[in-house]
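> Here is the input, now give the coordinates:
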Amino acid sequence: MQSADTVQIETHAAASLRYIRNSMESATSFALPGSAGVAMGAVGLLAAALSSAPSMQRHWFLIWLVAAVVAGGLGGSLVIRPSSLRGLALSGTPIRKFAFCLLPSMFGGAVLTGVLWSYGNLNAIPGTWLLLYGCALIAASVPTTRTIGIMGGLFVGLGLLAFLLPDRLQILLLGIGFGGLHVLFGFLIGRMGHGSEV
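Now for the predicted structure:
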């Protein structure tokens, strides 16, 4: 028969192990693959080239909406694939934190896009996209790396600049942000070892 002391020690040990396991799981950072940024940036550069062509300029909004869906799907699949290879469950704490940090600003951007489009205020959309995507990246840097936060800050700066520039230059800023910054930081993250800090 076990004594009361033995039961208390076993209960305390089990509680301690649960605490250690939960602490380790929540402390694990989520590493983003550089390939996701490069792939998303390539889509952004293609969208910038298409929407800058004189015959396609009036369709810039549709081009960028399609590019956002393609880049999001491509980037998401590249982010999820390495995490499953590392044994992280898709519902695990690091991925859940990443999603909870990233998605609120993205959702806000989608809502504001619909509102601005319905009022015919398309010239405010590029700045809104850049600004809110930057905010999403800054928030997502919490479970990832400060490199993602730096990229987010640059997106915020581009978004603020887009609100000040004439309409014809806003497409250029979309290309610089969603194309150039993604490719640049994708290469940087890839060189640092799939999102780990150096």
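> Nearest the geometric middle of this structure, what residue?
By C-alpha atoms, centre = their mean, the chain has its centre lying nearest to Leu137, at 5.0 Å.
> Convert the helix or strand containing that one to PDB, retaining C-alpha atoms only.
Secondary structure from DSSP states H and E places Leu137 in helix 125-140. Extracted in PDB, the C-alpha atoms of helix 125-140 (Å, rounded to 0.1, in the frame of the first residue of the first chain):
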ATOM      1  CA  ILE A 125      -6.200  50.000 -51.100                       C
ATOM      2  CA  PRO A 126      -2.400  49.600 -51.800                       C
ATOM      3  CA  GLY A 127      -1.500  51.600 -48.600                       C
ATOM      4  CA  THR A 128      -4.000  49.600 -46.600                       C
ATOM      5  CA  TRP A 129      -2.600  46.300 -47.800                       C
ATOM      6  CA  LEU A 130       1.000  47.300 -47.200                       C
ATOM      7  CA  LEU A 131       0.300  48.800 -43.800                       C
ATOM      8  CA  LEU A 132      -1.800  46.000 -42.400                       C
ATOM      9  CA  TYR A 133       0.400  43.200 -43.800                       C
ATOM     10  CA  GLY A 134       3.300  45.000 -42.100                       C
ATOM     11  CA  CYS A 135       1.400  45.000 -38.800                       C
ATOM     12  CA  ALA A 136       0.600  41.300 -39.300                       C
ATOM     13  CA  LEU A 137       4.300  40.500 -39.800                       C
ATOM     14  CA  ILE A 138       5.300  42.500 -36.800                       C
ATOM     15  CA  ALA A 139       2.900  40.600 -34.700                       C
ATOM     16  CA  ALA A 140       4.000  37.300 -36.200                       C
END
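> next SSE after the helix or strand of the chain with the lowest mean pLDDT?
The helix or strand of the chain with the poorest confidence is helix 4-27; it has a mean of 58 (mean pLDDT, DSSP states H and E). Next in sequence after helix 4-27, counting helices and strands by DSSP H and E, comes helix 34-52.
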